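>>> What follows is a predicted protein model with its sequence.
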Amino acid sequence: MTRKSHSHSNESGKANFPNPNQKEEQISGRGSIAVKENGVGVLLAASGSVAAVKVPEMVQMLVKRGHRVDLVLTDSAAHFLNVAYHGAQGLDQLRELESYKSQSGHQMLKIWRDADEW
């Protein structure tokens, strides 16, 4: 699969990427919400590691900031996301984020599954 990379910059010419040190509010509630889309697409892949439990948090941060996310999960990563972490199951959190749409109607998160472990 070939994917074009998109880089958007602000007036100073610097790329607009998320600041990992900035605290984000939690997105809560069920159903569809309108997110302001900034046009940056992110491909995130997770394999079978216990670190996969952090994927919903990363995806939530990206979606809240208006990034469209394509998430590729191996079967092993999905196994870790079926375990409750901090009181919530990761796959449930991701399914909720899948319902979020941009103000223009684009789906903000698409989840892809890969049976192979890489």
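Yep, it's here. Residues are numbered from 1 along each chain as shown.

>>> quick one, what contacts Ala77?
46-49, 52, 55 (CB atoms under 8 Å, 6 or more residues apart in numbering). Bear in mind the C-beta positions are built from the backbone N, C-alpha and C, glycine included.

>>> Glu96 and Ile111, how far apart?
12 Å (CB to CB, to the nearest Å).

>>> typed the wrong thing, it's Arg95
Counting by CB to CB - Arg95 and Ile111 are separated by 8 Å.

>>> So the two - more neighbours on which side?
Ile111 (16 against 13; other CB atoms under 10 Å).

>>> Locate the more buried one within the secondary structure: which element?
strand 109-114 (DSSP states H and E).

>>> Any buried residues in that strand, and which?
Across strand 109-114, burial judged by 16 or more other CB atoms under 10 Å covers 109, 111, 114.

>>> which stretches of this protein form strands?
Taking DSSP state E, the strands of the chain run over residues 34-35, 41-46, 68-74, 84-85, 88-89, 101-102, 109-114.

>>> now those strands in TSV, with distance to Val59 and mean pLDDT?
Listed next are the strands of the chain as TSV, based on distance: least, CB to CB, whole Å; pLDDT from 0 to 100:
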stretch	distance to Val59	mean pLDDT
strand 34-35	12	66
strand 41-46	7	94
strand 68-74	5	94
strand 84-85	14	76
strand 88-89	13	82
strand 101-102	15	87
strand 109-114	6	93
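
>>> Return the most buried member of those strands.
Ranked by mean neighbour count, the strands of the chain are led by strand 68-74 with a mean of 21 (mean count of other CB atoms under 10 Å).

>>> That one pairs with which strands?
Using DSSP bridges, strand 68-74 pairs in its sheet with strand 41-46 (parallel), strand 109-114 (parallel).

>>> Compare those and give me the one nearest Tyr85.
strand 41-46 (13.4 Å; CB to CB).

>>> For the closest residue to Gln89 other than its chain neighbours, give me its contacts.
Among residues not flanking Gln89 along the chain, Asn82 sits closest, at 6.1 Å (CB to CB, 6 or more residues apart in numbering). Applying CB under 8 Å, 6+ apart, we find Asn82 in contact with 89-91.
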